[in-house]
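1. No sequence on hand, only this structure:
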Ligand SMILES: Nc1ncnc2c1ncn2[C@@H]1O[C@H](COP(=O)(O)OP(=O)(O)OP(=O)(O)O)[C@@H](O)[C@H]1O
Ligand SMILES: [Mg+2]
């Protein structure tokens, strides 16, 4: 980049930054330039070093080499707090805020308004309520944050950072658990901040979002800088090539022609299944070799349906049958015993056991299913672990690495592998591709189709309508915790789903105003 | 609606008190109530400090020994060296502050489990008090008789003593500090998740140091109060008080894993233990070890209750979708 083509003055300059974890060189001489008033995408595959770059800049990790300048002056924050004081606010990829504190305390922790040393609780609540209202979020801020859904928690984390951001705002995959409406609100806020002259760094795996909002793109690959471009001059194909270092066969967004598969016999059937105040009773038949997609807005009852099917929540009406025989699904253990698998949405909090190795995390569910009396031999474990590491391209491909040291996206792949390893007959996937890079995304969609061809029944929740359309044989649309529509065969396409959701949406809004 | 754990503690206390009253007609008097406070004053004071430590996700096993050390230190300073009592108090509180700060610093800097560090602190403080003296040293300073003579007379013959008042003041100050200041919010935050708290920009290291400092200073104050109570310094005093105070904190509804709890609950936890002891005194035939047994049963019950409530919370999953208007 020559200085003459720079439109704005550099706000945050990173030069020659390196960072190793033991022998793993996570960042090598990376340069990064953020200008005032721009929204800058930081892109790369899972494990490319994006989160590490952010943490090295904000002082969470000490850096091995390199300098950071903020507004021309060199800064070297030694902790997250020092970075905030210097004017850099960050939402880290793994941050979930504190479940045990109230929403208000979470947003103002460390900077609560005080009088005579006492926190002005009412004033704080008033401010937080107003702040969240900017994000279209109207909740009781005195309640513990843990009482709210992941999406709400994420918005709260973002609101906290936005409120603190003096000069630079860094968002590491903020949109991974938000739905379209929330993303739009976030984008409006980001644009407003950029207009004020704040530099925004935005990490995501959603390329559409990059093209929608970012002015400039920096791509990392294997810990090295690949290049910096303006979004307008970088075609998508070229961007993907920069990220992967190879071409990606563009087969993923096409709805498969072989979709007219013979649906197998019914493997699980739910009749009038529901729970008062949770999900309205629904009828659902899952057939072997068939993918059923659940579509709907956030909070429409998708996850709730999945939890009922998996026994994580007890139904209080209706009946369930598996292969024609009535069963009671009282707990996830019952479901697992019947060959169900469930990969939940809250993988970060629910799924991973950070201290265990990748191999141990992968075989966990399989071992549990077999029971302690039949331990898997070490050779079997190694074989299974390596198979899935290869299949899902988990990086680095080291089965003995503690999973906590993997990048966020790679942790998710491990969790997916855990359930796939149990070879279930019915698998429920809640947002299977969130936080997973373009290359692996295509892999997972291909995998979903393959699994079906092998006779698995799949129930998949996704907010990515393109994605749902790609692999689903049937799509069930939900609204207000009720199954409102079902699309099948030819009718499964994005616009039809949107129509169903939108019809539902207006009905919901009317109900909301009543 | 679900009852918060502290409400359950309060109910247990009220029911317990009512049962005692039914059995012993003269139980419900200001005299019994005032004695309850006086007899458990030192325990109440350490338990407040322990509440902070446990809510922050730690544990402090050294407090009993610190109390013992304090009584010996104060007795020797006043009786042997002729140091004015107030000077001796100031000195021991500073020493305790340094001791607590050192434990907190070691826990943070070397990332050591608080259990191990404070266990070492426990042996250290107990050992040091034996080094100073192995005998019980009576304290005869005039201040001691003045303080033990002082009391607010309550209607009905109760005497609210100075040490009971000190304990109530500590509880009140502790409650304000925990529930209404930034420091208190940070204590809860640490108990929620250390890593997240650090990412949120809270100086985790200095918080850890200050929390253990607070606990040791309150243990020192409890030691001073204990020396008023017994008018002596003895290296074997307050053995096992760390466990009594942990029990009081947990019975008071504080989560042993941190992140939730209250000072008022802790006071109730202390009073329930005191109530059991008082009952035994009234009865006259029971062994005083029954206090320990009742404490043990209550402890089991409360830990089981906490687990059950956590289990319920987990089963419920993400509960509210949040009100997102489209
Ligand atoms: N604390 C750590 N200790 C050891 N290795 C680590 C640690 N944190 C990250 N790594 C490794 O550094 C590399 C870069 O990880 P990083 O989290 O920066 O990836 P990322 O680009 O953010 O990926 P994702 O899109 O999956 O979030 C990975 O190979 C990861 O395994
Ligand atoms: Mg990352």
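-> It's in. Since we're looking at a predicted model, the values are computed, not measured. Ligands and ions are numbered 1, 2, ... in the order given.

2. For the stretch 251-400 of chain A, which segments count as helices?
-> Assigned by DSSP state H, counting those that start in this stretch, the stretch 251-400 of chain A shows helices spanning A:302-309, A:332-337, A:358-370, A:378-391.

3. In CSV: those helices, plus distance to chain B and mean neighbour count.
-> Every C-beta, even on glycine, is put in place using the N, C-alpha and C of the backbone. Shown next, in CSV, are the helices of the stretch 251-400 of chain A (distance: least, Cβ to the nearest Cβ, whole Å; neighbours: other Cβ atoms under 10 Å in any protein chain shown):
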stretch, distance to chain B, mean neighbour count
helix A:302-309, 6, 25
helix A:332-337, 10, 17
helix A:358-370, 17, 21
helix A:378-391, 27, 16
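
4. JSON lines please, covering the ones you listed and showing mean pLDDT.
-> Below are the helices of the stretch 251-400 of chain A laid out as JSON lines (pLDDT from 0 to 100):
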{"stretch": "helix A:302-309", "mean pLDDT": "87"}
{"stretch": "helix A:332-337", "mean pLDDT": "82"}
{"stretch": "helix A:358-370", "mean pLDDT": "85"}
{"stretch": "helix A:378-391", "mean pLDDT": "89"}
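
5. Generate a markdown table for those helices, with distance to residue A:13 as supplementary columns.
-> Output for those, formatted as a markdown table (distance: least, Cβ to Cβ, whole Å):
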| stretch | distance to residue A:13 |
| --- | --- |
| helix A:302-309 | 42 |
| helix A:332-337 | 50 |
| helix A:358-370 | 36 |
| helix A:378-391 | 37 |
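
6. For residue B:124, which of those is the nearest?
-> Closest of the helices of the stretch 251-400 of chain A to residue B:124 is helix A:358-370, at 39.0 Å (criterion: Cβ to Cβ).

7. what about the closest one, distance to the chain center?
-> 23 Å (Cα atoms, centre = their mean, to the nearest Å).

8. And it, what does it pack against?
-> The contact analysis (3 or more Cβ pairs under 8 Å, 6 or more residues apart in numbering or on different chains; DSSP states H and E) places helix A:358-370 against helix A:332-337, helix A:378-391, helix A:408-421.

9. Which one of these lies nearest to residue B:140?
-> Here helix A:408-421 is closest among the helices and strands packed on helix A:358-370 (Cβ to Cβ), at 67.1 Å.

10. The closest one near ligand 2 anywhere?
-> Yes. Remark: helix A:408-421 sits within contact range of ligand 2 at residue A:408, by Cβ under 5 Å from the ion.

11. following that helix, which helix or strand comes up?
-> Counting by DSSP states H and E, the element after helix A:408-421 in chain order, helix or strand, is strand A:426-430.

12. average pLDDT for stretch A:314-329?
-> The average of the pLDDT scores along stretch A:314-329 is 86.

13. List the buried residues in the helix or strand of chain B with the lowest mean pLDDT.
-> Ranked by mean pLDDT, DSSP states H and E, the weakest helix or strand in chain B is helix B:290-316, scoring a mean of 76. Buried residues in helix B:290-316, counted by 16 or more other Cβ atoms under 10 Å in any protein chain shown: B:291, B:292, B:294, B:295, B:298, B:299, B:302, B:306, B:309.

14. helices or strands next to it in the packing?
-> Secondary-structure packing of helix B:290-316 (3+ Cβ pairs under 8 Å, 6+ apart): helix B:5-23, helix B:241-251, helix B:263-283.

15. how big is the angle separating the longest one from helix B:290-316?
-> Orientation check (axes from the mean of the first three to the mean of the last three Cα atoms, to 10 degrees): helix B:263-283 against helix B:290-316 gives 150 degrees.

16. How far off centre is helix B:263-283?
-> Centre-to-centre, helix B:263-283 and its host chain are 13 Å apart (Cα atoms, centre = their mean).

17. same check, this time on stretch A:289-301
-> Its chain's C-alpha centre lies 16 Å from the corresponding centre of stretch A:289-301 when counted by Cα atoms, centre = their mean.

18. first to last residue in that stretch, what's the distance?
-> 24 Å (Cα to Cα, to the nearest Å).

19. can you pull out the strands in the stretch 1-150 of chain A?
-> A:10-21, A:24-35, A:39-43, A:65-70, A:73-75, A:88-91, A:114-115, A:118-119 (DSSP state E, counting those that start in this stretch).

20. OK, contacts around whichever residue of the stretch 201-326 of chain B sits closest to ligand 2?
-> Distance from ligand 2 to each residue of the stretch 201-326 of chain B (Cβ to the ion) is smallest for residue B:201, at 19.7 Å. Shown in contact with residue B:201 (Cβ atoms under 8 Å, 6 or more residues apart in numbering or on different chains): A:79, A:80, A:81, A:83, A:84, A:110.

21. Now with 7 Å, please.
-> Contacts for residue B:201 (Cβ atoms under 7 Å, 6 or more residues apart in numbering or on different chains) come out as A:80, A:81, A:84, A:110.

22. for the residue nearest to the last one when sequence neighbours are not counted, helix, strand, or coil?
-> Read that as residue A:110. Nearest residue to residue A:110 in three dimensions, chain neighbours excluded: residue B:202, at 5.2 Å (Cβ to Cβ, 6 or more residues apart in numbering or on different chains). Counting by DSSP: H, G, I helix; E, B strand; the rest coil, the backbone at residue B:202 sits in coil.

23. Okay, strands next: where are they in chain B?
-> Shown for chain B, the strands assigned by DSSP state E span residues B:137-138, B:151-153, B:159-161, B:232-233.

24. Count the residues that sit near residue A:48.
-> For residue A:48, the neighbour count with other Cβ atoms under 10 Å in any protein chain shown is 25.

25. how many other residues sit next to the closest residue to it other than its chain neighbours?
-> Of all residues not flanking residue A:48 in the chain, residue A:220 sits nearest, at 4.4 Å (Cβ to Cβ, 6+ apart). Other residues lying near residue A:220 total 25 when counted by other Cβ under 10 Å.

26. right, and residue A:220 touches residue A:51 too?
-> No. Between residue A:220 and residue A:51 no contact is recorded; they are 10.5 Å apart, counting by Cβ atoms under 7 Å.

27. Tell me where the stretch 101-250 of chain B is predicted with low confidence.
-> Scanning the stretch 101-250 of chain B for pLDDT under 70 picks out nothing.

28. Quick one: name the residues of it near chain A.
-> Residues of the stretch 101-250 of chain B lying close to chain A (Cβ under 7 Å from any Cβ of the partner chain) are B:180-182, B:185, B:188-189, B:191-193, B:196-203.

29. Which of those residues fall in helices?
-> Here DSSP state H is the test, and those give B:180, B:182, B:185, B:188, B:189, B:191, B:192, B:196, B:197, B:198, B:199 as lying in helices.
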